[in-house]
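A.B. asks: sequence-free structure coming up:
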């Protein structure tokens, strides 16, 4: 499985002198272009994609960096993740640390206004009928983290974090897998016919 990341908006509000960050790290049924029109694909996440996702211990990070202190975490209940009709809603109550104060102030000032999520795909459907292939993610296997990010590569709700070369390799691997599946089905049909 290839670990991927995507972007969405983040907001904040003050609540009894607490530092709260909220937003949607993932938005359902929202098409976005991953890569570019020549080498990329259109992607959307199905509204049922999170129904069986592993989200046992999910940290909130800054730019997905392991070297940066964790901002919040589901394990200690400073981070809550809720799946609703819009997508994956994030609610984080930040501890009063210097780094969290900096993150909070940057979100409040508008310097940081996006969130991203790192995940692996369990099931997907490809449609290659149009000029640009379309990928619909129907099942996300695991959510690794949600992150506040500073430099989105694309507008609105998504960001692409892999290289175009790795995306091309992934597309070729998926095409080969589809061809192997078709070949397997044909062989099974031939075997059934010869047994009759």
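C.D. replies: That came through, no problem. Computed from a predicted model, the values in this text were never measured in an experiment.
A.B. asks: show me what residue 79 is bridged to.
C.D. replies: Beta bridges link residue 79 to residue 92 when assigned by DSSP bridges.
A.B. asks: wait, it sits on residue 72?
C.D. replies: Yes. Contact status for residue 79 versus residue 72: in contact at 3.9 Å, counting by CB atoms under 8 Å. Yep, even glycine has a C-beta here, placed from its N, CA and C like the rest.
A.B. asks: common neighbours of those two, please.
C.D. replies: Residues touching both residue 79 and residue 72 (CB atoms under 8 Å, 6 or more residues apart in numbering) are 59, 60, 92, 93.
A.B. asks: which one of the residues you listed has the most neighbours?
C.D. replies: Most neighbours among the shared contacts of residue 79 and residue 72, by other CB atoms under 10 Å: residue 92, with 27 neighbours.
A.B. asks: list the contacts for that one?
C.D. replies: 20, 21, 22, 60, 71, 72, 78, 79, 80.
A.B. asks: now it: how far from residue 138?
C.D. replies: 28 Å (CB to CB, to the nearest Å).
A.B. asks: tell me the domain ranges of the protein?
C.D. replies: 4-162, 163-196 (automatic domain parsing).
A.B. asks: packing partners for the strand ranked longest in the chain?
C.D. replies: The longest strand of the chain (DSSP state E) is strand 134-149. Secondary-structure packing of strand 134-149 (3 or more CB pairs under 8 Å, 6 or more residues apart in numbering; DSSP states H and E): strand 4-15, strand 41-45, strand 59-62, strand 79-83, strand 87-94, strand 114-127.
A.B. asks: please identify the most buried of the domains of the chain.
C.D. replies: Across these, averaging neighbours per residue (mean count of other CB atoms under 10 Å) puts domain 4-162 on top, at a mean of 17.
A.B. asks: bridging residues for residue 43?
C.D. replies: residue 32, residue 135.
A.B. asks: confidence score at it?
C.D. replies: With respect to pLDDT, residue 43 scores 89.
A.B. asks: ok, now which ones touch it?
C.D. replies: 31, 32, 33, 34, 134, 135, 136, 137, 158.
A.B. asks: of the residues you listed, closest to residue 115?
C.D. replies: Closest approach to residue 115 among these (CB to CB): residue 158, at 11.1 Å.
A.B. asks: got the helices and strands packed on strand 134-149 as JSON lines, with distance to residue 178 columns?
C.D. replies: What follows is those, written out as JSON lines (distance: least, CB to CB, whole Å):
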{"stretch": "strand 4-15", "distance to residue 178": "20"}
{"stretch": "strand 41-45", "distance to residue 178": "14"}
{"stretch": "strand 59-62", "distance to residue 178": "35"}
{"stretch": "strand 79-83", "distance to residue 178": "30"}
{"stretch": "strand 87-94", "distance to residue 178": "28"}
{"stretch": "strand 114-127", "distance to residue 178": "8"}
